[in-house]
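Peer 1: Sharing a model that was predicted from the sequence below.
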Amino acid sequence: MRTSPAFRRLVPWLVGWIAFQAVVALTGLAARRKNLGDESSTSIRRVLTHNGLELHPRNPALSRVRVDLAMAGAEVDLTAIPRPEKGIDLTVRALMAGMAVRVPPDWRVWWRFRGVGGIGADGVVQRTHDEHAADLRVHARVLFGGIGIEAG
């Protein structure tokens, strides 16, 4: 059986794409060792590839959340936490990924975004330009992704 020239040109690209997906998946499995804390911890870190993450922290003393995403999606719901005294630092590094962050409506949110993509908030979220007065500080480095902040 003969194959068409177009198919022969396409095969290396398909093999390359499948190999790329396998490398990212294996990297994600190896990176799971870096996951720290659970929803009752004061500091949480998650590394995720290819899947989704729902995180509902409930510790009133929460001070830091770090999420590293590659071709994945995440939702962080902070509505179960009372207003923090010193604020919560949320560090996001995302590659071709998206994240939704839900905060109580009376929280003040500050963010710094670097990269290609975007960050935005719904009309209810109170954005502040004073990093030290914020209840949530978002530090984001994103390549081909985005972060949405909404009041819950």
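Peer 2: Yep, it's here.
Peer 1: residue ranges of the helices in the protein, please?
Peer 2: Secondary structure of the chain, counting by DSSP state H: helices at 5-31.
Peer 1: any weak-confidence spans in it?
Peer 2: Residue ranges of the chain with pLDDT under 70: 1, 28-33.
Peer 1: Return the residues in contact with the closest residue to residue 40 other than its chain neighbours.
Peer 2: Among residues not flanking residue 40 along the chain, residue 59 sits closest, at 5.1 Å (CB to CB, 6 or more residues apart in numbering). For every residue, glycine as well, the C-beta is placed using N, CA and C. By CB atoms under 8 Å, 6 or more residues apart in numbering, the contact list for residue 59 reads 39, 40, 41, 42, 81.
Peer 1: now with 10 Å?
Peer 2: Going by CB atoms under 10 Å, 6 or more residues apart in numbering, residue 59 touches 37, 38, 39, 40, 41, 42, 43, 44, 80, 81.
Peer 1: So what does it look like in phi/psi?
Peer 2: Phi and psi for residue 59, reported as degrees, to the nearest 10, are phi -80, psi 120.
Peer 1: Which stretches in the chain count as strands?
Peer 2: Here the chain has its strands, by DSSP state E, at 43-49, 52-55, 64-70, 73-77, 88-95, 98-103, 108-121, 126-127, 136-151.
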